[in-house]
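1. the following block contains a protein sequence and its predicted model.
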Amino acid sequence: MKVNIEIDCTPEEARHFLGLPDLRPMQDAVLAKVQQQMLDAVTALSPESLLRSWAPLAPQSPEQMRDAMAAMFRLFTPAAGSSGGKPGQG
């Protein structure tokens, strides 16, 4: 003999019938926290915030820019009387 029982109910009704706890409030809280962390990470990686964080590395005045360019040209220009002309030698 074979008996089939078919129960038509929603997952919420089944949890209530079986006495299982409703985890929806906890899941909503966790998902809200994860969503906020993801939004914070996207904001931190935006081009504007990256440029703002890198700004202290760039020359801030025309004189600093001139000095940085002069130092770069001195680094890559072979010194008089040196052989090879490779950067770093001289």
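-> Nice, thanks for sending it over. Numbers count the residues shown, from 1 in each chain.

2. chain center to stretch 59-69: distance?
-> When C-alpha coordinates are averaged (CA atoms, centre = their mean, to the nearest Å), stretch 59-69 and its chain have centres 30 Å apart.

3. got the buried residues for that stretch?
-> For stretch 59-69, burial by neighbour count (16 or more other CB atoms under 10 Å) applies to no residue. Using the backbone N, CA and C atoms, a C-beta is placed for each residue, glycine as well.

4. need the residues that contact that stretch.
-> For stretch 59-69, contacts defined as CB atoms under 8 Å, 6 or more residues apart in numbering pick out no residues.

5. one more time with 10 Å
-> The contact list for stretch 59-69, computed with CB atoms under 10 Å, 6 or more residues apart in numbering, reads Ala58.

6. then stretch 23-31?
-> Looking at what lies outside stretch 23-31 - CB under 10 Å, 6+ apart - the contacts are 12, 15.

7. does Gln27 lie in a helix or a strand, and which?
-> Here Gln27, judged by DSSP states H and E, is contained in helix 24-44.

8. distance from the chain centre to the helix or strand bottoming out on mean pLDDT in the chain, please.
-> Ranked by mean pLDDT, DSSP states H and E, the weakest helix or strand in the chain is helix 47-54, scoring a mean of 76. Distance, stretch centre to chain centre, for helix 47-54: 12 Å (CA atoms, centre = their mean).

9. for it, name the packing helices and strands.
-> Applying 3 or more CB pairs under 10 Å, 6 or more residues apart in numbering; DSSP states H and E, we find helix 47-54 packed against helix 24-44.

10. determine the angle, from 0 to 180 degrees, between the helix it packs on and helix 47-54.
-> Relative orientation of helix 24-44 with respect to helix 47-54: 60 degrees, computed using axes from the mean of the first three to the mean of the last three CA atoms, to 10 degrees.

11. residues of helix 24-44 that come out buried?
-> Within helix 24-44, no residue is scored as buried using 16+ other CB under 10 Å.

12. just for the chain, where's the confidence low?
-> 79-90 (pLDDT under 70).
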